[in-house]
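Chemist: 3D, please:
(one chain, ligands or ions: 1)
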Amino acid sequence: MPDFIKPSNKLRALVIDLESMYGLAAVWQGRTDYINKNMLLRAPEVICWAARWTDSDKMMFSSIHHDGKEAMLQKAHDLISEADILIGYNTKRYDIKRFRNDFAKAGLNAPHDPEHCDLYSITTSQFDLFSNSLDFACKEFGIVRKIDTGGIDLWKQCDAGDAEAWELMKSYNCNDVHITALLWEYYRDHGWLRKRDMNYIKFTGDRQSCYSCGRNDSLEVTGQAFKAGDVRIKCSTCNSWDSRKEGIIVSRRSI
Ligand SMILES: [Zn+2]
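Modeler: Numbers count the residues shown, from 1 in each chain. Reported below is the predicted structural model:
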């Protein structure tokens, strides 16, 4: 979290990404395009995750190889339950549900259900990129790209317990969290977060703070808003646009 967030308003935002092992199925031909549940020999499962709090540089990682499945899941459960917001790429539709699958299968209780700042949803709603992958979005916005895994062979080697392959998986997973955090910072600092994505006002109740970056001393009135009685405002720190009832914003630079 940037240092301009007031401590009393501090939210715990966790950037997280998981890797999943492929499922196995019984098939009789190469053109099989639908796997019936009766053909499934092993369901896909979470094999590792990496995460970092936005106010810390410490990268956390856990895997079934390094910690065992039970400990790996419990650590993720604890972190998710501590977080106010999860930041990730398709976290809302994919990662959190895959985690819940495996939590439930392991007999764990439901974790806390944090708010989501899903960068995939921001990317697809704000832009019309050639590809909506994390890798491509990062490339387009000048962020260092993902590590090349070499494809499915890495998953096969990890499945076989190859220690060297697991180190590459760890680097890959941690790098994904690293670039996801960079993409979040890019969206935040350039005003691309929408009000529902990182709404500090909702969390803190401070209606003088910026909904996007949380700063409460950089809002400037830039004109009348479309709605009568509201003013249009801009955050000079993160460049996000918003509107509020006139009178809520104390400083009025120009109108
Ligand atoms: Zn701001």
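Chemist: contacting residues around Glu144?
Modeler: No Glu there; residue 144 is Val. If a contact means Cβ atoms under 8 Å, 6 or more residues apart in numbering, then Val144 has 138, 179, 182 as its contacts. Any C-beta I mention is one placed from the backbone N, CA and C, and that applies to glycine too.
Chemist: if you set the cut-off to 10 Å instead, what comes out?
Modeler: 138, 175, 178-179, 182 (Cβ atoms under 10 Å, 6 or more residues apart in numbering).
Chemist: show me which of the residues you listed are buried.
Modeler: Buried members of the contacts of Val144, counted by 16 or more other Cβ atoms under 10 Å: 138, 175, 178-179, 182.
Chemist: if we can go back for a sec, adding distance to the ion and secondary structure, write the contacts of Val144 out as TSV.
Modeler: Output for the contacts of Val144, formatted as TSV (distance: Cβ to the ion, whole Å; DSSP: H, G, I helix; E, B strand; the rest coil):
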residue	distance to the ion	secondary structure
Cys138	22	helix
Asn175	28	helix
His178	23	helix
Ile179	22	helix
Leu182	18	helix
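Chemist: now, among those, which is nearest to Cys117?
Modeler: Comparing these against Cys117 with Cβ to Cβ places Leu182 closest, at 14.0 Å.
Chemist: so who does the closest one touch?
Modeler: Neighbours of Leu182 in contact, by Cβ under 10 Å, 6+ apart: 15, 138, 141-144.
Chemist: switch the cut-off to 6 Å
Modeler: With contact taken as Cβ atoms under 6 Å, 6 or more residues apart in numbering, Leu182 is in contact with Ile143.
Chemist: check what pLDDT it gets.
Modeler: With respect to pLDDT, Leu182 has a value of 96.
Chemist: so what pLDDT did Thr32 get?
Modeler: pLDDT, Thr32: 66.
Chemist: no, scratch that, I was asking about Trp28
Modeler: What the model reports for Trp28 is a pLDDT of 88.
Chemist: which stretches of this protein have low pLDDT?
Modeler: 1-9, 32, 249-255 (pLDDT under 70).
Chemist: domains of it?
Modeler: 13-189, 203-245 (automatic domain parsing).
Chemist: ok, which stretches of the stretch 51-200 of the chain are strands?
Modeler: 60-63, 85-88, 115-118 (DSSP state E, counting those that start in this stretch).
Chemist: now do the last one: everything it contacts.
Modeler: With contact meaning Cβ under 6 Å, 6+ apart, strand 115-118 is reached by 85-87, 91-92, 197-198.
Chemist: out of the strands of the stretch 51-200 of the chain, deepest packed?
Modeler: Ranked by mean neighbour count, those are led by strand 85-88 with a mean of 25 (mean count of other Cβ atoms under 10 Å).
Chemist: sheet partners, orientation included, of that strand?
Modeler: With DSSP bridges as the test, strand 85-88 is paired with strand 13-21 (parallel), strand 115-118 (parallel).
Chemist: just give me how far the shortest one sits from the chain centre.
Modeler: Remark: strand 115-118 is offset 6 Å from the chain centroid, using Cα atoms, centre = their mean, to the nearest Å.
Chemist: same deal with stretch 193-208?
Modeler: The answer for stretch 193-208 is 17 Å, by Cα atoms, centre = their mean.
Chemist: likewise stretch 61-70?
Modeler: So, by Cα atoms, centre = their mean, the centroid of stretch 61-70 is 21 Å from its chain's centroid.
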